[in-house]
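[1] what follows is a protein structure lacking sequence information:
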Ligand code: DX5
Ligand code: ZN
């Protein structure tokens, strides 16, 4: 399967959000990754619904919404209304993960679960058939521009084995510190979707950078 590329808006120029979204529209990117941070689950605050609405207004690609927030259940409906195609919650933030995943599907959204670097992929074995995507965090969530954690390759391989054994169709998404050096190794290990924030938006030519990732 073709690798999907999801540029993260977190690294975009928020003062020129419309042109940044149009840049993604005009590129070979597949998804628009939208990071929501609440200052509680992670030590940073990103943006909320008015900004997601503004992104949606211009976006011509599906919104891949990554919720780094506590109590995500109470906001699922609002993110659906704001235009999310996929809603991803953190395993570490959910008391009743299965219920949360069901609630996302009841809204007709794709359901994703994200795991922090310290969380073992084995914890997903009993829910993997219900998931559309798993985000393996390759940095500690909260900030863009951090260094990729090398242990991620092993996690991707282990998760791939769990997915294959279960017959699940879940896709493996990698988020954090993705660049040209680690991208091909991640694809080799079994990654299906690559999120890239600073590597794309800090590049001299973001569109060409997206195209290069896509061609790998
Ligand atoms: C980190 C976010 C990422 C971030 C990735 O907490 O979930 O999506 O935007 O940014 P880079 O690619 O710069 O690590
Ligand atoms: Zn993210």
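    Ah, there it is. In this text, all values refer to a predicted model and were calculated from it rather than measured experimentally. Ligands and ions are numbered 1, 2, ... in the order given.
[2] which ones are touching residue 177?
    138, 139, 146, 147, 148, 149 (CB atoms under 8 Å, 6 or more residues apart in numbering). In short, each C-beta sits where N, CA and C put it, glycine included.
[3] swap the cut-off to 10 Å and go again
    By CB atoms under 10 Å, 6 or more residues apart in numbering, the contact list for residue 177 reads 137-139, 144-150, 152, 195-199.
[4] tell me the residues of the protein that contact ligand 2?
    Within the chain, the residues that sit near ligand 2 (CB under 5 Å from the ion) are 35, 66, 175.
[5] hmm, the last one is touching residue 143, no?
    No: if you go by CB atoms under 10 Å, residue 175 and residue 143 don't touch, sitting 11.9 Å apart.
[6] more crowded one of those two?
    Neighbours were counted for residue 175 and for residue 143 using other CB atoms under 10 Å; residue 175 has more, 25 against 17.
[7] find the nearest non-adjacent residue to the more buried one, please.
    Of all residues beyond its chain neighbours, the one nearest residue 175 is residue 195 (4.1 Å), with distances taken as CB to CB, 6 or more residues apart in numbering.
[8] same check, this time on residue 212
    residue 180 (6.6 Å).
[9] pull the number of nearby residues for the closest residue in space to residue 58 that isn't next to it in sequence.
    Distance criterion CB to CB, 6+ apart; nearest residue to residue 58, sequence neighbours excluded, is residue 21 at 4.2 Å. The number of residues packed near residue 21 is 22, by other CB under 10 Å.
[10] do the same with residue 204
    Neighbours around residue 204, by other CB under 10 Å: 6.
[11] and the one 10 residues further on, by the same measure?
    Close neighbours of residue 214, defined as other CB under 10 Å, add up to 17.
[12] how about the helix or strand containing residue 20, does it reach ligand 1?
    Element membership for residue 20 (DSSP states H and E) is helix 17-25. No: Helix 17-25 stays clear of ligand 1 (CB under 6 Å from any ligand atom), getting no nearer than 13.2 Å.
[13] so what does that helix touch, helix or strand wise?
    strand 4-7, strand 32-37, helix 49-58, helix 198-201, helix 206-215 (3 or more CB pairs under 10 Å, 6 or more residues apart in numbering; DSSP states H and E).
[14] what residues sit buried inside that helix?
    17, 20, 21, 23, 24 (16 or more other CB atoms under 10 Å).
[15] over to stretch 119-130?
    In stretch 119-130, counting by 16+ other CB under 10 Å, buried: 119, 121, 124, 127, 128, 130.
[16] what is the nearest of those residues to residue 104?
    Distances from residue 104 to the buried residues of stretch 119-130, taken as CB to CB, are shortest for residue 130 (9.6 Å).
[17] pretty sure that closest one is touching residue 103, no?
    No: between residue 130 and residue 103 there is no contact under CB under 10 Å: 11.5 Å.
[18] which neighbours do the two share?
    By CB under 10 Å, 6+ apart, the residues touching both residue 130 and residue 103 are residue 111.
[19] so what does the one helix or strand the residue nearest to residue 175 maps to touch, helix or strand wise?
    Assessed by DSSP H and E, residue 195 sits inside strand 193-196. Here strand 193-196 touches strand 4-7, strand 32-37, strand 63-68, strand 133-137, strand 171-175, helix 180-189, helix 206-215, going by 3+ CB pairs under 10 Å, 6+ apart.
[20] rerun at 8 Å
    Here strand 193-196 touches strand 4-7, strand 63-68, strand 171-175, helix 180-189, helix 206-215, going by 3 or more CB pairs under 8 Å, 6 or more residues apart in numbering; DSSP states H and E.
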